[in-house]
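Novice: Need coordinates for the below:
(one chain, ligands or ions: 1)
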Amino acid sequence: MQRALYVRPVGIFPAPVQEDEQVWGGLPLAGQPLRYAAVEVIERDGPRIRRRIVALGDAFERDWGRHTLAASGLMDALGAPRPRLAGLALDCPRIMGIVNVTPDSFSDGGRLDSADAAIAHALRLAEEGAEILDIGGESTRPGADYVPVAEELSRVMPVIEGLRPRTQALISIDTRKAEVMARAAQAGADILNDVSALTHDPQALAVAAEAGLPVILMHAQGDPKTMNDDPQYEDVVLDVFDFLEGRIAACEAAGISKAKLVADPGIGFGKHLHHNVAVMASLSLYHGLGVPVLLGASRKKLIDHISDVPNPEDRVPGSIAAALAAAAQGVQIVRVHDVAATRQALSVWQACTHGTDKVLAPWK
Ligand code: 9MG
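Specialist: Numbering: from 1, shown residues only. Have a look, this model is predicted:
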C-alpha cells in the first residue's frame, strides 16, 4: 500500500560522546551513535510527490500540525535502538562477508566450487572481521538461471555443516527456497537472507516463522533472469519503502516478530543506475521501517556504470565508497566481498567521524 507521508532524516552527525541532557543535540538515529538535525518531509498523493527539507525545530513548531499522527510512528521508528540480531549488537556498522558457492558467481567465477575451499574462504572472512557469513548456492546476479533445490542443497549444506563447529561468526543462508531455509536452520544457520523477501516460495513465510530465525527481507523487482530488462517505478525510493513495509507486515502476520527482521533496498535487483543511486542517496529513509537496514553494493554493476570498471574484482574502491556512504546514513550491516578492506575503511571512518576510538566496536 502506498503511504501519504515519508520522513527522511538528513543532517546526520556524530552523537556527542558525553551526552549532556541540557544541550539539544538532534534526534537519535536507529541505535547508531548518530543524530539528525533535519528531515526531508515527503508527501505523496498518487503521482504527485512533494519533498522539502525542514529543520527539526521548525518541523515540530510550525509544520507538524496536520502530519502529527502519521509522522509519530515514523519518528519513533527512526529513533528506536535496534534489538540484537541473533545476539549481534547493531550499535555500529557490521560486516556480512559473501561466500558464493556457485560455479557461475559473478565475482568468484567458480573458484569456490568445492565445500572445503568455501569453508576456508568463509573462515578467512571471519578472521578479517566479518561478523556474519552469508552462504549462497544460487547466483542471483542479473540474467542468472534458476538452480533446482537439490543442486542448491548439495552446494550449501556441506559448507554450513563444515563451518558451524568452526566459527563463532553468525551464518546466514542466502536462499529463496523454503526447503533450503529449513535444512540450513537445522544445520545451525543463524539468519535467513532472502532476496525475494519471502515471496518466491509459497512455503517460505511459514518455514521462516517455524525456524524462528531472523530474516533479511530484500526488495527486488522481478526475477533475477529478467529483472534488469525494464524495471519500472513511480518513485523508486518510495516504492521500495512501501514494498518493504508490506513485507514486514506480512512477516508479522505470519508470526515473525519485527525484532527479527532486517530490511534491504536491494541494490541492482530490478534497478537501473539512476534507480540505484537514488536509493543509495536516500538510505536513511529506510530507518523509518523500524528495523535494521542492510546494504549490498559490493562489486556490483552500478560501480562499473559510474566508474567504468568492467572487471568485478577491480571494483573494491567503489564498493568501499558505497559501504562508507551507507555507514554515514546509519546503515547497520554492509554485505561485502572484500572484508579486510571494508573493515579497515569502516574503522578509519568511525574513528575520524567520532573523533575517538572509544566508539569503536571490538571487532575480534
Ligand atoms: C544474495 N544477495 C546478492 N545481493 C544481495 C544484496 O544486495 N542484499 C542481500 N540481502 N542479499 C544479496
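
Novice: interface residues of this structure facing the ligand?
Specialist: 136, 140, 174, 193, 195, 216, 218, 264, 266-267, 294, 296, 335 (Cβ under 6 Å from any ligand atom). In this view, the C-beta of every residue, glycine as well, is placed from N, C-alpha and C.

Novice: so which pair among those is furthest apart in space?
Specialist: Across those, the longest distance by Cβ to Cβ is 15.8 Å; it joins Gly136 and Ile267.

Novice: residue of the stretch 251-364 of the chain with the smallest distance to the ligand?
Specialist: Gly296 (2.3 Å; Cβ to the nearest ligand atom).

Novice: Identify the residue spatially nearest to that residue, adjacent ones excluded.
Specialist: Closest residue in space to Gly296, ignoring its immediate chain neighbours: Arg335 at 3.7 Å, by Cβ to Cβ, 6 or more residues apart in numbering.

Novice: What is the burial count for that neighbour?
Specialist: Using other Cβ atoms under 10 Å, the number of residues around Arg335 comes to 25.

Novice: got the CA coordinates for the strand or helix carrying it in CSV?
Specialist: Element membership of Arg335 [criterion: DSSP states H and E] is strand 333-336. These are the backbone C-alpha positions of strand 333-336, laid out as CSV (Å, rounded to 0.1, in the frame of the first residue of the first chain):
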residue,chain,number,x,y,z
ILE,A,333,25.0,-4.0,8.1
VAL,A,334,27.0,-4.0,4.8
ARG,A,335,27.2,-7.1,2.7
VAL,A,336,30.7,-7.3,1.0
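
Novice: can I get the CA coordinates of the next helix or strand after that strand in PDB?
Specialist: Downstream of strand 333-336, the first helix or strand assigned by DSSP H and E is helix 339-354. The C-alpha atoms that make up helix 339-354 are tabulated as PDB, following Å, rounded to 0.1, in the frame of the first residue of the first chain:
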ATOM      1  CA  VAL A 339      36.000  -7.900   4.200                       C
ATOM      2  CA  ALA A 340      39.600  -6.800   5.200                       C
ATOM      3  CA  ALA A 341      39.500  -3.700   3.100                       C
ATOM      4  CA  THR A 342      36.000  -2.800   4.200                       C
ATOM      5  CA  ARG A 343      36.800  -3.300   7.900                       C
ATOM      6  CA  GLN A 344      39.800  -1.100   7.600                       C
ATOM      7  CA  ALA A 345      37.800   1.600   5.800                       C
ATOM      8  CA  LEU A 346      35.000   1.500   8.300                       C
ATOM      9  CA  SER A 347      37.300   1.600  11.300                       C
ATOM     10  CA  VAL A 348      39.000   4.700  10.000                       C
ATOM     11  CA  TRP A 349      35.700   6.300   9.000                       C
ATOM     12  CA  GLN A 350      34.400   5.600  12.500                       C
ATOM     13  CA  ALA A 351      37.400   7.000  14.300                       C
ATOM     14  CA  CYS A 352      37.500  10.100  12.100                       C
ATOM     15  CA  THR A 353      33.800  10.700  12.300                       C
ATOM     16  CA  HIS A 354      33.500  10.300  16.000                       C
END
